[in-house]
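K.L.:
Pasting a predicted model and its sequence here:
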Amino acid sequence: MIPDTPAAKDLLETAAAELKAQILPAVDGDNRLTVLMAIAAIDTAVREQETIQELQAEQRGAMAALSAGPVAPADRATDLCSEIRAGAFDRGDRARALYHALFDDVAARVAISNPRYLAAAEMDWTGRR
């Protein structure tokens, strides 16, 4: 099948560029804030389009690594939550593995939604790991 052109990512990037170049300079006050929020939302959507499949694969891998036994992929999140509630991750190597998996997942999500925050906080977080 021939892919649609332009791709959704290209359309979003074009919309953000036009908002920045044509609309933003022409507005002020509350309208300027609204346009800036729209541009930020579009930029977030573009970053998500670029990384969502990789993030989901990393999440699946992390859940598989944390699972105590053979669990169907569709049941891994439920199984993991049950294990956490039962205290299976309260101490030791499993607790550290869960912490790092959750930390990495949150950092990947923040990289999509607010990369400037992540860059500013990265030094502090690295020191706490």
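P.N.:
Cool, got the structure.
K.L.:
Which pLDDT value belongs to Ala45?
P.N.:
In the prediction, the pLDDT value recorded for Ala45 is 94.
K.L.:
Identify the residues contacting the residue nearest to it when sequence neighbours are not counted.
P.N.:
Leaving aside its chain neighbours, Ala45 sits nearest to Leu12 (5.5 Å; criterion: C-beta to C-beta, 6 or more residues apart in numbering). C-betas here are computed from N, CA, C, even on glycine. Neighbour list for Leu12: 42, 45-46, 49 [criterion: C-beta atoms under 8 Å, 6 or more residues apart in numbering].
K.L.:
Check the average confidence over the helix or strand harbouring Leu12, would you?
P.N.:
Leu12 belongs to helix 8-18 when assigned by DSSP states H and E. In this model, helix 8-18 has a mean pLDDT of 93.
K.L.:
How about stretch 104-120?
P.N.:
When pLDDT is averaged along stretch 104-120, the result is 88.
K.L.:
Name the residues that touch that stretch?
P.N.:
Applying C-beta under 8 Å, 6+ apart, the contact partners of stretch 104-120 are 44, 47-48, 51, 55, 58-59, 62, 125.
K.L.:
can you tell me which of the residues you listed are in strands?
P.N.:
With DSSP state E as the criterion, strands contain none of those.
K.L.:
Which of the residues in the helix holding Leu12 are classified as buried?
P.N.:
Buried residues in helix 8-18, counted by 16 or more other C-beta atoms under 10 Å: 12-13, 16.
K.L.:
quick one: which of the residues you listed is nearest to Pro73?
P.N.:
Distance to Pro73, by C-beta to C-beta, is smallest for Leu12 among those, at 30.2 Å.
K.L.:
roughly how far apart are that closest one and Thr51?
P.N.:
Noted for Leu12: a distance of 14 Å to Thr51, by C-beta to C-beta, to the nearest Å.
K.L.:
any idea which residue sits dead centre in this structure?
P.N.:
With distances taken as C-alpha atoms, centre = their mean, the residue of the chain nearest its centroid is Arg109 (2.2 Å).
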